[in-house]
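Asks: coordinates for the following, if possible.
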Amino acid sequence: MPDISRFALGLRARLAGAVRQHPVLSIALALKLTTAVALGAVWQTKIRHSGDLNDYRDLLVDDPGGPSGATVKVTSLGTTMMLVDDGTTQILIDAFITPAGLLDAALGRPVSTDPDAVDTALDKVGADRVRAIFISHSHHDHALDVAYIANRTGATVHGSPSTLNIARGGNVPEDRLALLDPEKSVTVGSFTVRTIASKHSPNPMGGEGATIDKPLLQPAPISAYKEGGTYDFLVAVPEKSMLFKGSANWIPGALAGVHADALFLGIGGLGRAEQSFSKDFLDATIGTVQPAIVIPTHWNDFFCPVHEGVPLQRKLVDNTPAAFDTVLARTKADGVDIGLLEAFASITIR
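Replies: Coordinates of the predicted model:
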């Protein structure tokens, strides 16, 4: 990457000379060129994607075909949204497919579920037996499409009071709304789902613990999707279990005694975290849960449609290669397998 500051200094000197010779025209040109340089600097340091997934392509996994026997198939739909399928029953973790563009977020423009985008994605992964949707928290990149998907599938929505208000805004019937309760497990077909209280990654949009206190109707700006409390989900079937942790944070001791064969680990923000935070987070998750495999999630640019591929997060959001490298180092040290799922790719938990 070029040294932008050195380039800008040189350009400034040349513009000063031009202004002395042709004051009026040169001032206009100077303003345009200065703006171009400033925009280029913003692109390089903020808006550009933080890395290239091809650098980690040897970690990608995809098990085609459906689950068989005693296996469970987990399919990614981008960000933290996962379809969990035992061949008979399906559940969804989170509900976010509709792309909310970067400009929509920056300008506070209202957004709505895109039915065509959601239908296409759900059809592509064969989501035709969904009985329950579990929402880890109520930000748009976890819950934007929950009402539409619940109405399409007839699934019950399990979430915080804020999540249930998103569903109410989309006219999901009250008898298919279930409040998360960390004291009680939920049975859905052969799945047993335990809710574990957690925390959002540091400095969440809208503030930690901010809530949605009335039905949220679409269209609405993404800032309206308050966190509403954050949760992990331990999903178990006979002889195997999976922990879905959507955010890179934890409550000390919350995962004590929890074991999972597969850990779907949200790493959003980990690339910018202090080294001590990252170590403590991985101690509390990988070190405590002791999975056979870790599948990092929440690493793709959620402002891009999933059907166009899943580039890494933009620099203004996270340093995804640094997050990958931190988790890679830990899994290697612990002798734990690691895999990455692109959108619509699957992993079989045996």
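Asks: got the contact list for stretch 218-228?
Replies: Contact with stretch 218-228 is made by 100, 104-105, 108-113, 137-140, 143-144, 147, 159-163, 166, 169-170, 200, 204-212, 216, as judged by C-beta atoms under 8 Å, 6 or more residues apart in numbering. For glycine as for every other residue, the C-beta is placed from the backbone atoms N, C-alpha and C.
Asks: apologies, that question was intended for stretch 202-212.
Replies: Stretch 202-212 is contacted by residues 138-139, 161-163, 165-166, 199-200, 222-229, 249, 269, 273, 277 when judged by C-beta under 8 Å, 6+ apart.
Asks: can you list the buried residues in it?
Replies: Residues P204, G206, A210, I212 are the ones in stretch 202-212 that count as buried (16 or more other C-beta atoms under 10 Å).
Asks: lowest average confidence, helix or strand, in this protein?
Replies: Within the chain, no helix or strand scores below helix 23-42, which has a mean of 48 by mean pLDDT, DSSP states H and E.
Asks: out of the contacts of stretch 218-228, which are inside helices?
Replies: Residues of those located in helices (DSSP state H): D104, A105, H140, A143, A147, P161, S162, T163, I166, G169.
Asks: and the pLDDT for V317?
Replies: pLDDT for V317: 89.
Asks: okay, now it: neighbour count?
Replies: Neighbourhood size, V317 [other C-beta atoms under 10 Å]: 20.
Asks: go on, D232?
Replies: Neighbours of D232 (other C-beta under 10 Å): 30.
Asks: tell me what whichever strand or helix holds it is packed against?
Replies: Element membership of D232 [criterion: DSSP states H and E] is strand 230-237. Where contact means 3 or more C-beta pairs under 8 Å, 6 or more residues apart in numbering; DSSP states H and E, strand 230-237 is packed against strand 90-93, strand 191-198, strand 240-245.
Asks: what pairs with the last one, parallel or antiparallel?
Replies: Okay, so that is strand 240-245. Sheet pairing here is set by DSSP bridges, and for strand 240-245 it gives strand 230-237 (antiparallel), strand 262-266 (parallel).
Asks: which one of those lies nearest to S346?
Replies: With C-beta to C-beta as the measure, strand 262-266 is the member of those nearest S346 (12.2 Å).
Asks: point out where the stretch 151-300 of the chain drops to low pLDDT.
Replies: Within the stretch 151-300 of the chain, not a single segment meets pLDDT under 70.
Asks: now do the strands in it.
Replies: 156-159, 177-179, 185-188, 191-198, 230-237, 240-245, 262-266, 293-297 (DSSP state E, counting those that start in this stretch).
Asks: tell me how far the fifth one lies from the chain's centre.
Replies: It stands for strand 230-237. 16 Å (C-alpha atoms, centre = their mean, to the nearest Å).
Asks: one step back: mind giving me the PyMOL command for buried ones among the ones in helices among the contacts of stretch 218-228?
Replies: To isolate the buried ones among the ones in helices among the contacts of stretch 218-228 in PyMOL, judged by 16+ other C-beta under 10 Å, type:
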select buried, resi 104+105+140+143+147+162+163+166+169
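Asks: now, which of the ones in helices among the contacts of stretch 218-228 sits nearest D85?
Replies: The nearest member of those to D85, counting by C-beta to C-beta, is A143 at 21.0 Å.
Asks: right, and that closest one touches D94 too?
Replies: Yes: between A143 and D94 there is a contact at 7.0 Å, judged by C-beta atoms under 8 Å.
Asks: what touches both of the two?
Replies: With C-beta under 8 Å, 6+ apart, A143 and D94 have common neighbours I135.
Asks: follow-up on the earlier one: quick one: which of the strands paired with strand 240-245 is nearest Y56?
Replies: strand 262-266 (14.9 Å).
Asks: chain center to that closest one, what's the gap?
Replies: Distance, stretch centre to chain centre, for strand 262-266: 12 Å (C-alpha atoms, centre = their mean).
Asks: pull the residues that contact that strand.
Replies: Contacts for strand 262-266 (C-beta under 8 Å, 6+ apart): 74, 80, 82, 93, 201, 241-248, 285-286, 289, 291-298, 327, 347, 349.
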